[in-house]
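J.: Structure for the following, please:
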Amino acid sequence: LEKVRQLIADWKSEWGVESTWPKKFHEQLRRAQGDGRLVTDSFFSQCEVHVEEGRQLIWLLRSITRKGFRGAGYKVTDSYEQVFDLLTSILTELRFFEVKLDDYAPISPLSQISETCHYFTV
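T.: Residues are numbered from 1 along each chain as shown. From the prediction side, this is the model:
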């Protein structure tokens, strides 16, 4: 669990507390946009890599819990609580980046879904 904790610490962004993430994201996006399309594309690619690495960390935590923990009851309980805390921290950051990517760089850009018909009821 200690090795996974270190992997997660290395993975987490250096943006500080969660309340500052939107501002930092927009600052970095504006900076990338100011440097041109290639830099902006690179920024979003880095975000995508970060999301994929976060998903791999979740899979790693899942595989650890599937194997189970051994030891006295309180140690097993503590290990599961640590996994829960680590999972929560990963999911919080992962979800933030997934939402931002969906907002700014959707998998299906609007230009590619222009054939979609919208029906309204009157």
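
J.: When you work out contacts or count neighbours from here on, use the C-alpha atoms and nothing else.
T.: OK.

J.: in this protein, which residue is closest to the centre?
T.: The chain has Leu94 as the residue nearest its centroid, 1.8 Å off, counting by CA atoms, centre = their mean.

J.: what helix or strand does that one sit in?
T.: Element membership for Leu94, per DSSP states H and E: helix 73-104.

J.: for the record, mean pLDDT for that helix?
T.: On average, the pLDDT along helix 73-104 is 91.

J.: cool, stretch 60-70 as well?
T.: Mean pLDDT, stretch 60-70: 87.

J.: what secondary structure does Trp59 sit in?
T.: Counting by DSSP: H, G, I helix; E, B strand; the rest coil, the backbone at Trp59 sits in helix.

J.: circling back to that earlier point, list the contacts of the residue nearest to the centre of the chain.
T.: Going by CA atoms under 8 Å, 6 or more residues apart in numbering, Leu94 touches His50, Val51, Gly54, Arg55.

J.: any idea how far the second one is from Val99?
T.: Between Val51 and Val99 the computed distance is 10 Å (CA to CA, to the nearest Å).
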